[in-house]
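Student: Attaching a predicted model along with its sequence, questions to come.
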Amino acid sequence: MIACRVPAFLLVMGLAMGSGSAEVSPWNPFAPLRRADPPVSPDPAWDQSPIDRFLHARLCAAGLSPAPETDRRVWLRRVTFDLTGLPPAPEEVREFREDGRSDAEARERVVDRLLASPRYGERWARHWLDVVRYADTDGFAIDGERPTLWRYRDYVIRALNEDRFFDRFIREQIAGDEIESGPEGAVALGFYRLGPFEADNMVAAEARQDYLNEITSAVGSVFLGLTFGCARCHDHKYDPIPTRDYYRVQAFLSSVERADREAALGQAELRPHVEREKAVADLEARRRSDELAAHRAAMKTKLASALGKEAAQVTDADLDAAIKKPDGVAGEDKKRLVALKQSAEEFTGARKFAAVACAISTRANDRQPTPCRVLASGSVSSPGEEVHPGFPGAIGAEPEVLSRLESLRGTAAGRRRALAEWLSSPANALVWRVLVNRIWQNHFDVGIVATPNDFGKNGRGASHPELLDHLARELIKGGFRLKPLHRAIVLSRAYRSSSRHCDPAAPTAIDTETRDPENRLLWRFHVRRLEAEEIRDAVLAASGQLSLVEGGPGFFEEIPAELGRDFPFFRWEPSSEAERRRRSIYLFHRRNMIVPFIESFDGPELSASCEARRTSVTAPQALSLLHGKFAVDQSRRFAERIVAESGPEPARQVERVFALAFAREPVESEVAEAEALLADQAATLRAQANAEGEARSEEECRLLALKNLCLVAINANEFIYLE
């Protein structure tokens, strides 16, 4: 390793000025992307890619020496979780460690395999869904379900697996109906239905304005990385975003209505299990509809004599009029009619497969645009000047783009398309900085800008602005494809760094922990706890129970009975066991009742854009993973798998537990300790059974002891953390 030295007085000066080496560099997030040649590194290991050259230059300037490179096993576990959200199989670990190719070739082969896996889209869709505030219900008091919003989730997974050009991905979500005639475009518009919505707001004007405010702010945070909503009531206190600019952007969206639009299920959505479930649901929906129709026919027959008509002459209008009269129809008939009608209308099975995309209704392109006015203090009751579509002045736009805005003043048609084209333009540097930063964050646990939704003055600034611009330029140059960006990052020397600085003798001007305690300069790899979904999926993978069935409506996890009683007005019927073994990306997400396991391990904020998951250490986490029904049940399945694959010999069982849980072989002391634990647990269980007069075989005692070892394994830091 080549140590980097700088004169000590420069370091002292940096500290005295309050801009120590780990602090951010001055930069303007609104400026055009800058071209900067990556500096040459004096260390050959760090001179292989532009990413490493930029990073190593900052380390050298700070007088810090980087951590050594980690081993193949640690890197494989790290990259497999990062790209797929799942652990590597023991066979994949063995194959990689025994690969006779050069180290670079072996790693490239692994990365290409992971990026080609359908599991990649499932993992990275979760990151995007966090940012765009995805949930399957409205939130607020009613928390009504959005039964078809799963189609948007599956759309995101498909787009990522296809490595769809990201500029197109942006345009589809903002104006999919104007650039894509098929169902895909309509489903992408589900972006406008993702945020929370207060369905019981009785003031229509306020409800509509709240909706427009929510999606306007979302566009600002998701694509521009700005606290755009702060300019709704007054000029932004810190960033150059006047209130007028806020409403000029809202004018692009002012004709949007929160409604459903027809969109038949596309071929990519019709997976076998979806078709089977849809067929069953359609059959049940027809049965309920026929039952309702039969009851109405019977009521018409009863009504006929009172009206002096033949039964065939009684119309639906006659029946509806009689129902409204206090004595027009027998009370029991009315009650049954109401029950049957409600049953038919609210049948969830049919609703979640309805040929409707959770999107928006803006089909009337010839209508006059809804006027957009600056609202004093953000109040709908205090409208001010009318504004027309326009872009924030701080960001700007190309002259030809600005010239087209004039044609939008008299029509609603094309407004969202103009916004989409501006957001996805290669010239919109801020959008691509924000995107690259989100990708970087989800590989290194912290972004180059540590506040992904706030690139403004109140944000944390950029630790490596030249690198951020370089990656953004490369993304654009490569046709807006994300997979090459992932590939470059995970193959870099920085990504291969150990999470421990194992060379305390390396000459450094000032101790690395003191100089950069937050590791902003990436002198080591961040230790990362797995996210809630990764932990759940990893447990299922270890037990051999993980189902890789893709797509379709979300499943309902089991929840404690007492929790269900606390929310009696919500529908929460646990799905079948087969459904509950699916990946966590396919969970049904209710805003007002988050699955306890996901919540305890810091699941995403569902009512606002979640720029980054927080990581806490709390008692409920231990309760969930050590005593929770899911963990205990899966530990039993894990033990059964071990017996089936390894036989009765304790040493082989321990080796398989370690391979499946930690992607490594145990050392001798670990085998001895684990065998002792198995023997002790089996003896305790036998004694307990004898004391209670319970018939328990020796085989059952050994299996329960192994179950406890498996439970310990999934609770180990090594299982739930990436180093």
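Tutor: Perfect, thanks for sending it.

Student: ok, residue 544 touching residue 641?
Tutor: Yes. Using CB atoms under 8 Å, residue 544 is in contact with residue 641, at 4.2 Å. For every residue, glycine as well, the C-beta is placed using N, CA and C.

Student: Please identify which of these two sits among more neighbours.
Tutor: Neighbours were counted for residue 544 and for residue 641 using other CB atoms under 10 Å; residue 641 has more, 18 against 15.

Student: Now do the same contact list for the more buried one.
Tutor: 543, 544, 660 (CB atoms under 8 Å, 6 or more residues apart in numbering).

Student: again, only using 6 Å
Tutor: residue 544 (CB atoms under 6 Å, 6 or more residues apart in numbering).

Student: Give the helix, strand or coil label for it.
Tutor: Of the three states, residue 641 takes helix according to DSSP: H, G, I helix; E, B strand; the rest coil.

Student: any idea how far it lies from residue 338?
Tutor: Residue 641 sits 51 Å away from residue 338, taking CB to CB, to the nearest Å as the criterion.

Student: now residue 445
Tutor: To residue 338, residue 445 is 54 Å away according to CB to CB.

Student: Please name the nearest non-neighbouring residue to residue 548.
Tutor: Distance criterion CB to CB, 6 or more residues apart in numbering; nearest residue to residue 548, sequence neighbours excluded, is residue 583 at 7.2 Å.

Student: How many residues are close by that neighbour?
Tutor: When neighbours are counted by other CB under 10 Å, residue 583 comes out with 24.

Student: again with residue 137
Tutor: 23.

Student: Name whatever forms a beta bridge with it.
Tutor: residue 145 (DSSP bridges).

Student: Identify the residues contacting it.
Tutor: Counting by CB under 6 Å, 6+ apart, the residues that residue 137 touches are 143, 145, 590, 591.

Student: So between residue 445 and residue 338, which is more surrounded?
Tutor: More neighbours surround residue 445 than the other of residue 445 and residue 338, with 18 against 11 (other CB under 10 Å).

Student: Make CSV from the contacts of residue 137 and add pLDDT to it.
Tutor: As requested, the contacts of residue 137 are exported to CSV (pLDDT from 0 to 100):
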residue, pLDDT
143, 91
145, 89
590, 94
591, 94
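
Student: For residue 230, state which of these is nearest.
Tutor: residue 591 (23.3 Å; CB to CB).

Student: surely the closest one meets residue 136?
Tutor: No. Counting by CB atoms under 6 Å, residue 591 sits too far from residue 136 to count as a contact (8.4 Å).

Student: Between these two, point out the one with more neighbours.
Tutor: Using other CB under 10 Å, the more surrounded residue of residue 591 and residue 136 is residue 136, with 23 against 18.

Student: I'd like to know how far that one sits from residue 33.
Tutor: 37 Å.

Student: Check residue 62 too.
Tutor: Per CB to CB, residue 62 is found 25 Å from residue 33.

Student: The two - which one has more neighbours?
Tutor: The residue with more neighbours, out of residue 62 and residue 33, is residue 62; 26 against 19, by other CB under 10 Å.

Student: where does that one land on pLDDT?
Tutor: If you check residue 62, the pLDDT there is 90.

Student: Same question for the one 4 residues further on.
Tutor: According to the predicted model, the pLDDT of residue 66 comes to 91.

Student: Nearest residue to it in space, please, no chain neighbours.
Tutor: Nearest to residue 66 is residue 523, by CB to CB, 6+ apart, at 5.0 Å.

Student: Quick check: phi and psi on the one you found?
Tutor: Dihedral pair for residue 523: phi -80, psi -10, per degrees, to the nearest 10.

Student: can you check the one 5 residues further on too?
Tutor: Residue 528 has phi and psi values of phi -130, psi 130 when expressed as degrees, to the nearest 10.

Student: Wait, it touches residue 722, no?
Tutor: Yes. Between residue 528 and residue 722 there is a contact under CB under 6 Å: 4.7 Å.

Student: I'd like to know how far residue 77 sits from residue 34.
Tutor: Counting by CB to CB - residue 77 and residue 34 are separated by 36 Å.

Student: Which parts of the stretch 601-723 of the chain are helices?
Tutor: Secondary structure of the stretch 601-723 of the chain (DSSP state H, counting those that start in this stretch): helices at 619-622, 629-646, 650-662, 668-691, 698-715, 717-720.

Student: and the first one, how far from the chain's centre?
Tutor: For helix 619-622, the distance between its averaged C-alpha position and the chain's averaged C-alpha position is 23 Å (CA atoms, centre = their mean, to the nearest Å).

Student: avg pLDDT for that helix?
Tutor: 94.

Student: Return the set of buried residues in that helix.
Tutor: residue 621 (16 or more other CB atoms under 10 Å).

Student: do the same with stretch 376-387
Tutor: Neighbour counts over stretch 376-387 (16+ other CB under 10 Å) mark 378, 380, 387 as buried.

Student: Which residues are in contact with the second one?
Tutor: Read that as residue 380. With CB under 6 Å, 6+ apart, residue 380 has these contacts: 205, 206, 209.

Student: need those in CSV with neighbour count and pLDDT, can you?
Tutor: Below are the contacts of residue 380 laid out as CSV (neighbours: other CB atoms under 10 Å; pLDDT from 0 to 100):
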residue, neighbour count, pLDDT
205, 10, 92
206, 14, 94
209, 18, 95
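
Student: quick one: which helix or strand includes the closest residue to residue 316 other than its chain neighbours?
Tutor: Using CB to CB, 6+ apart and skipping residues adjacent in sequence, the residue nearest residue 316 is residue 296, 7.6 Å away. In this assignment (DSSP states H and E), residue 296 forms part of helix 272-307.

Student: which strands and helices sit next to that helix?
Tutor: Contacts defined by 3 or more CB pairs under 6 Å, 6 or more residues apart in numbering; DSSP states H and E place helix 272-307 against helix 331-345, helix 348-351.

Student: which one of those helices is the most hemmed in?
Tutor: helix 348-351 (a mean of 17; mean count of other CB atoms under 10 Å).

Student: any idea how far that helix is from the chain center?
Tutor: 25 Å.

Student: And stretch 33-41, by the same measure?
Tutor: With CA atoms, centre = their mean as the basis, stretch 33-41 stands 32 Å off its chain's centre.

Student: Also stretch 270-279?
Tutor: 24 Å.

Student: For that stretch, buried residues please.
Tutor: 273, 274, 277, 278.

Student: Just the CA atoms of that stretch, as PDB, please.
Tutor: Listed next in PDB are the C-alpha coordinates belonging to stretch 270-279 (Å, rounded to 0.1, in the frame of the first residue of the first chain):
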ATOM      1  CA  LEU A 270     -50.200 -12.000 -16.800                       C
ATOM      2  CA  ARG A 271     -47.900 -14.400 -15.000                       C
ATOM      3  CA  PRO A 272     -49.400 -17.900 -14.500                       C
ATOM      4  CA  HIS A 273     -50.200 -17.400 -10.800                       C
ATOM      5  CA  VAL A 274     -51.800 -14.000 -11.600                       C
ATOM      6  CA  GLU A 275     -54.000 -15.500 -14.300                       C
ATOM      7  CA  ARG A 276     -55.100 -18.400 -12.000                       C
ATOM      8  CA  GLU A 277     -56.000 -16.000  -9.200                       C
ATOM      9  CA  LYS A 278     -57.700 -13.600 -11.600                       C
ATOM     10  CA  ALA A 279     -59.800 -16.500 -13.000                       C
END
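
Student: Fine by me, thanks again.
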